Structures are given as structure tokens and as C-alpha cells.
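Peer 1: Quick one, fold the following:
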Amino acid sequence: MFGIPLHKLIIHFPIALMTLAVIYDAWALYSRKVELHDMGYRLTIWAAIGALAAVVTGLQLAGVSRIPPGEVTGHAGFGIVSSVVITALAILRYSAHVREQRGYRLSWLVLEIGAAALVVATAVMGHKL
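Peer 2: Next up is the predicted model:
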């Protein structure tokens, strides 16, 4: 788009949104406030959308860039895995939200922390490209 790869514009959203989702959900777990879990849920949904868009645009960019494929493989692998984890987490939380299950599972926070770690690892690997 206008000579600017979309991937570079999109990548910051899943990084920031997933990190904020972890912060809000940890804060909600600590303070026992349900409305903070709702904010974590919304941030997770948007992080999943951003992660899927980042993966699609990143794979598109990798196909046309002059970077050796061996260097892109690790970054792409981490990106795809983190996108799958974030999307699965968003689907689980959406399902619970639709069924109006107001309780919160500690396993969601653990998955969020893992997904945020994967996103950060992907960002660090991509920054080196």
C-alpha cells in the first residue's frame, strides 16, 4: 500500500493488545473485578484479529521480499503458532461470553501469558530481520 508493507503497520496491534489483555486479566484476578475481565476479553478478541492479519500480511511480505527464506522461517513459525494460540484463546473466551459464564478461569490467564510470550518472541525475532 503506497510502497509501505502492511505488515509493518499491523504488527504492533497484537503485541500491544495481548500484553494489555494479560495486564487487565491479572489485575482483574487480583482485585476480583468482573468488568476488568470483560476488558481483557475484548482486548483478546482484537488481538486475535490483529494477529491473524499480521500473519497473513507477513507471509505475503515474505513471498516478495529479498530476505533469505532460512531467516524468515523462525519468525514465521513463531508468528503462526502465536496467532493460533491467541485465536484459540479468543474462541474459548467468546464461547464462554456468549454462554454468559461470568466466572474466570485461571487457565485463560496462563494461556494469555504464554501467547504474550510467543508474541514478544516473534517481535524480537522479526526485529532482527
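Peer 1: What's the local residue count around residue 24?
Peer 2: 22 (other Cβ atoms under 10 Å). C-beta coordinates here come from the backbone N, C-alpha and C atoms, glycine included.
Peer 1: Quick check: the residue lying closest to it once chain neighbours are set aside vs residue 33, distance?
Peer 2: Excluding its sequence neighbours, the residue lying closest to residue 24 (Cβ to Cβ, 6 or more residues apart in numbering) is residue 40, at 4.1 Å. Distance, residue 40 to residue 33, using Cβ to Cβ, to the nearest Å: 11 Å.
Peer 1: What helix or strand is residue 9 located in?
Peer 2: Using DSSP states H and E, residue 9 sits in helix 6-10.
Peer 1: and residue 99, backbone torsions?
Peer 2: The phi and psi values for residue 99, taken as degrees, to the nearest 10, are phi -80, psi 0.
Peer 1: Next, count neighbours for it.
Peer 2: Neighbours of residue 99 under the rule other Cβ under 10 Å: 8.
Peer 1: Mind pulling the model confidence for it?
Peer 2: On pLDDT, residue 99 comes in at 88.
Peer 1: distance of it from residue 21?
Peer 2: In terms of Cβ to Cβ, residue 99 sits 20 Å off from residue 21.
Peer 1: sorry, back to before: next SSE downstream of the helix holding residue 9?
Peer 2: Using DSSP H and E, the helix or strand that follows helix 6-10 in sequence is helix 12-31.
Peer 1: Could you list every helix and strand that that following helix packs against?
Peer 2: For helix 12-31, the elements it packs on are helix 34-64, helix 69-98, helix 106-127, judged by 3 or more Cβ pairs under 8 Å, 6 or more residues apart in numbering; DSSP states H and E.
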